[in-house]
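[1] need a structure here:
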Amino acid sequence: MAGSSFLDVARAAYDTVAVDYAALLKDELSVKPWDRAMLATFAELVLADGSGPVADLGCGPGRITAHLHHLGLDAFGIDLSPGMIAVARAAYPDLRFSEGTITALDLASGSLAGAVAWYSIIHTPPPELPAVFAEFARVLAPGGRLLLAFQVGDERRHLDQAYGHAISLDAWRLSPESVVRQLGEAGLEADARLVREPDAFEKVPQAFIVARRP
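    Presented below is the predicted three-dimensional model:
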């Protein structure tokens, strides 16, 4: 897609795979106790702070949004892919989903008690990440919490096939230290990080960072 932005490329890819992606990953959390633990810890912190709206940024088919809802949070989802949003709305009709991008969120400043970006920053070119983190900081209320998940590394991977479809999409593996530093530069303080080893279906370690807007 010559001339397209990384957002256009990601939107096209996820529109293509939306239905099969949702079916293949529907029960993924059930076999990932460390991932569930990070989501539960995040939810406990937000609830202890008094709760409030929590955005699942890059929500895809809505499975993490629904999990956050089951943990007691007032969760809603945002994704740049209309195909993903359609799947999420069909699967979870009682939850809120809307189209949007993590680079320019249609949310008021300081309006969120929490935000989750569950593997949704991985298609953002690294030079663009500081602006994305600044946007996350903007929409969080003072004391608001952020949870990030991403693959560990320092390289770009190009995907020509995914979830049974031909696509064209770049994904970046990231350094937890670099992400923590950039979060700090955006005004977000990292409270905890977890790096777990890859499971049987993963190739690299997986990172989870919980940060807070002071």
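[2] in its sheet, what does the strand ranked longest in the chain sit against?
    The residue-count maximum for a strand in the chain (DSSP state E) belongs to strand 140-151. In the sheet, strand 140-151 lines up against strand 112-118 (parallel), strand 206-212 (antiparallel) (DSSP bridges).
[3] hey, which of the ones you listed is tucked in deepest?
    Ranked by mean neighbour count, these are led by strand 112-118 with a mean of 26 (mean count of other Cβ atoms under 10 Å). (C-beta placed from N, C-alpha, C; glycine too.)
[4] for that one, what is the average pLDDT?
    Throughout strand 112-118, pLDDT has a mean value of 98.
[5] send the alpha carbons of it over as PDB?
    Presented in PDB, the C-alpha positions along strand 112-118 are these (Å, rounded to 0.1, in the frame of the first residue of the first chain):
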ATOM      1  CA  LEU A 112     -10.200   8.100  32.000                       C
ATOM      2  CA  ALA A 113      -9.500   6.300  35.200                       C
ATOM      3  CA  GLY A 114      -7.500   3.700  33.200                       C
ATOM      4  CA  ALA A 115      -6.400   2.700  29.700                       C
ATOM      5  CA  VAL A 116      -5.200  -0.600  28.400                       C
ATOM      6  CA  ALA A 117      -3.100  -1.000  25.200                       C
ATOM      7  CA  TRP A 118      -3.000  -4.800  24.800                       C
END
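[6] in this structure, which residue is closest to the centre?
    In the chain, the centroid-proximal residue (Cα atoms, centre = their mean) is A117; its distance is 2.2 Å.
[7] pretty sure that one contacts L140?
    No: look at A117 against L140 with Cβ atoms under 8 Å: they stay out of range, at 11.8 Å.
[8] Overlap in contacts, these two.
    L146 (Cβ atoms under 8 Å, 6 or more residues apart in numbering).
[9] got the buried residues for the longest strand of the chain?
    L140, A141, G144, R145, L146, L147, L148, A149, F150, Q151 (16 or more other Cβ atoms under 10 Å).
[10] Check stretch 42-53 too.
    Those would be F42, A43, L45, V46, L47, G52, P53, for stretch 42-53 by 16+ other Cβ under 10 Å.
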